[in-house]
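1. Everything below, folded, please.
(chains A and B)
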Amino acid sequence: MRIDCRHVWEHISAYIDGDVDANLRAEIDKHLETCEICSAVIDSTRNVVVLVADNRVFELPAGFSERLHARLDREIASGGDSIPHVPGA
Amino acid sequence: MSNQPSPELEAECIRRILDGEAYLFHSLFQPCEKSVYFLLLSLLRNEAEAEDAAQETAVKVYRNLRLFRGESRFRTWVLSIARNEGLARLRKLQNRREDSLDAITEDAGDFTPAILTSWREIPAEELERQELRRMLREAIEGLPEIYRNVILLRDIEEMDVRETAAALGISEAAVKVRLHRARALLQRTLSPRLKSFAPRKRGLFGWAG
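-> Sure, this is the predicted structure:
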């Protein structure tokens, strides 16, 4: 069975994640050997996934962590009746 | 970004917190805070609101800690609380007509990839450029909410399909479909623009012909 470009595109995401069965993977690989367009589509998609996953893209606002933990400190200090101390529980 | 402590360590930490060592909650929550913030930012699209909701989430998690049964990862549980917090706030902000939760239908959009005849990889070093980071953030922020969340948890927070499905309250199959579409939309938007960030071809020993 020969698969066409559209068929390959349907599985790009699963292919990148290694989530396609061996037969389909072999079909796609065979297609990629001769299809420059699909190769470029897969490479660019993989590249986009790698780039957006980089830690540098999304950074927390300055001071976020300090403010969050200060709020938690206040909550913890308020003694919260929410977590009653149950010795030996 | 996936530096999650082991479930055993988490369970031990939770037990000690519930036994009175409340201050340990800081270190329990710390590995989750970035995911919580960006999930909320993706829902609320407002930094101040997302930060406030993240703090509220942390407090709720603390107050309800004994309800955590260890059936999922702690982070998954935390993210589902964050998501509920975000959704509750969204409902209050009713006036957000565009991109409202009901407006997005699962099949809206064209998921055909951008057709390129060749692709030269953009190396991660290029991320030192503020301009590139901004372009990537804007592309993700431009995705419909249902796709943005999945990209955020699966690709950015590196959560697995099961964990993502649990945090978002959707099926694993839906996670895969949405992830596929989200990646296709990003490829379509970004590939043509990313080309300008491709380094010139260079051989091992300098510039190649």
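2. drop to CA atoms for contacts and neighbour counts, all remaining ones
-> Noted.
3. Tell me where the model's unsure across chain B.
-> B:1-3, B:94-108, B:200-209 (pLDDT under 70).
4. who's in contact with the residue nearest in space to the middle of chain A?
-> In chain A, the residue lying closest to the centroid (Cα atoms, centre = their mean) is residue A:53, at 6.7 Å. The contact partners of residue A:53, taken as Cα atoms under 8 Å, 6 or more residues apart in numbering or on different chains, are B:155, B:156, B:157, B:158.
5. between those residues, which is closest to residue A:65?
-> Proximity of the contacts of residue A:53 to residue A:65 (Cα to Cα) peaks at residue B:157, which lies at 17.4 Å.
6. didn't that closest one look like it was pressed against residue B:37?
-> No. In this structure residue B:157 lies outside contact range of residue B:37 using Cα atoms under 8 Å: 11.5 Å.
7. the more surrounded of these two?
-> Using other Cα atoms under 10 Å in any protein chain shown, the more surrounded residue of residue B:157 and residue B:37 is residue B:37, with 25 against 22.
8. Enumerate every residue touching the more buried one.
-> Going by Cα under 8 Å, 6+ apart, residue B:37 touches A:60, B:50, B:51, B:54.
9. Could you do residue B:57 as well?
-> Residues counted as contacts of residue B:57 (Cα under 8 Å, 6+ apart) are B:78, B:81, B:82, B:85.
10. okay, now the residue lying closest to the first one once chain neighbours are set aside: neighbour count?
-> Taking Cα to Cα, 6 or more residues apart in numbering or on different chains, and ignoring the residues beside it in sequence, residue B:78 has residue B:61 as its nearest neighbour in space, at 6.6 Å. The burial metric for residue B:61, expressed as a neighbour count using other Cα under 10 Å, is 20.
11. ok, now how distant is residue B:61 from residue A:51?
-> Note on residue B:61: its distance to residue A:51, by Cα to Cα, to the nearest Å, is 32 Å.
12. Likewise for residue B:169?
-> Residue B:169 is 27 Å from residue A:51, where distance means Cα to Cα.
13. Those two: which has the busier surroundings?
-> Neighbour count, other Cα under 10 Å: between residue B:169 and residue A:51, residue A:51 has more, with 23 against 12.
14. for the nearest residue to that one once chain neighbours are set aside, what are its contacts?
-> Among residues not flanking residue A:51 along the chain, residue B:124 sits closest, at 6.4 Å (Cα to Cα, 6+ apart). Shown in contact with residue B:124 (Cα under 8 Å, 6+ apart): A:50, A:51, A:54.
15. swap in residue B:51?
-> A:64, B:37, B:40, B:41.
16. What of residue B:112?
-> A:9, B:184, B:185, B:188.
17. List phi and psi for the residue in chain A that chain B sits nearest to.
-> Closest to chain B within chain A is residue A:53: 4.3 Å, counting by Cα to the nearest Cα. Dihedral angles of residue A:53 (phi, psi; degrees, to the nearest 10) stand at phi -80, psi -10.
18. I'd like to know how far it sits from residue B:32.
-> Distance of residue A:53 to residue B:32, computed by Cα to Cα: 16 Å.
19. ok, and does stretch B:79-87 reach over to chain A?
-> No. Applying Cα under 8 Å from any Cα of the partner chain, one finds stretch B:79-87 separated from chain A by no less than 13.9 Å.
20. how close does the residue of chain A closest to chain B sit to residue A:18?
-> Going from residue A:53 to residue A:18 by Cα to Cα gives 17 Å.
21. and the residue nearest to residue B:78, what element?
-> In this assignment (DSSP states H and E), residue B:61 forms part of helix B:47-63.
22. Test my guess that residue B:127 contacts residue A:56.
-> Yes. Using Cα under 8 Å, residue B:127 is in contact with residue A:56, at 7.0 Å.
23. Need the overlap of contacts for these two.
-> Shared contacts of residue B:127 and residue A:56 (Cα under 8 Å, 6+ apart): residue B:133.
24. Grab the longest helix from chain B for me.
-> Counting by DSSP state H, the longest helix found in chain B is helix B:172-194.
25. Mind giving me the packing neighbours of that helix?
-> The helices and strands touching helix B:172-194, judged by 3 or more Cα pairs under 8 Å, 6 or more residues apart in numbering or on different chains; DSSP states H and E, are helix A:12-16, helix A:36-52, helix B:130-141, helix B:145-150, helix B:161-168.
26. Any idea which of those helices gets closest to residue B:18?
-> Closest to residue B:18 of those, according to Cα to Cα: helix B:161-168, at 23.6 Å.
27. How far off centre is the closest one?
-> Mean-position distance between helix B:161-168 and its chain equals 11 Å (Cα atoms, centre = their mean, to the nearest Å).
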